[in-house]
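J.: Any chance you could fold what I've pasted below:
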Amino acid sequence: MREERLSLAVGNVYKVKNTFDSIGAKELYEVFVAFQKTVAGERGEEIPALEKRFTLLLRKLLEEIGRLED
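T.: Residues are numbered from 1 along each chain as shown. Next comes the predicted model:
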C-alpha cells in the first residue's frame, strides 16, 4: 500500500512540475524538482521545508496575478 501511494505521489509531482515548467513558473518548477527527488529518495525529513518554500512562492505568484487583474 505504501509503495502504491509513493508511486502515485511521484506521478502527481511529475505532472505538476511539468505544468509549472510549461507556464514559465521557474521557481515553483525548481521546488517541484527538489520535491520529486526527495519523494523518490524517500527523504521525508526534507518535505516540510520544501512545502513551506512552495507555499510562499505560490502565494507570491497568486498575489502577482491578483495585481494584474486590477
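J.: Please save the CA atoms from stretch 37-55 in CSV.
T.: What follows is stretch 37-55 as a C-alpha-only set of coordinates in CSV (Å, rounded to 0.1, in the frame of the first residue of the first chain):
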residue,chain,number,x,y,z
LYS,A,37,13.9,14.0,-5.8
THR,A,38,13.0,14.0,-2.1
VAL,A,39,10.0,11.7,-2.6
ALA,A,40,11.9,9.4,-4.9
GLY,A,41,14.7,9.1,-2.5
GLU,A,42,12.3,8.7,0.5
ARG,A,43,13.9,11.7,2.3
GLY,A,44,10.8,12.7,4.2
GLU,A,45,12.6,14.9,6.6
GLU,A,46,13.1,17.5,3.7
ILE,A,47,9.4,17.7,2.8
PRO,A,48,8.3,20.3,5.4
ALA,A,49,11.0,22.8,4.2
LEU,A,50,10.0,22.3,0.6
GLU,A,51,6.3,22.6,1.5
LYS,A,52,7.0,25.9,3.2
ARG,A,53,9.0,27.3,0.2
PHE,A,54,6.4,26.1,-2.2
THR,A,55,3.6,27.8,-0.2
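J.: In three-state terms, label the spatially most central residue of the chain for me.
T.: Taking Cα atoms, centre = their mean, the centroid of the chain lies closest to F32, which sits 3.5 Å from it. F32 carries the three-state label helix when classified by DSSP: H, G, I helix; E, B strand; the rest coil.
J.: The one 10 residues further on now?
T.: For E42, the assignment made with three-state DSSP gives coil.
J.: Between the two ends of stretch 19-33, what distance do you get?
T.: Counting by Cα to Cα, to the nearest Å, you get 12 Å between the two ends of stretch 19-33.
J.: Can you mark which positions in that stretch are buried?
T.: When neighbours are counted by 16 or more other Cβ atoms under 10 Å, the buried residues of stretch 19-33 are found to be F20, A25, L28, Y29, V31, F32. (Each C-beta comes from the backbone N, C-alpha and C, glycine too.)
J.: on that earlier part again, give me the pLDDT value at the residue nearest to the centre of the chain.
T.: In the predicted model, F32 carries a pLDDT score of 76.
J.: and if you look at the one 3 residues further on?
T.: Looking at F35, its pLDDT is 79.
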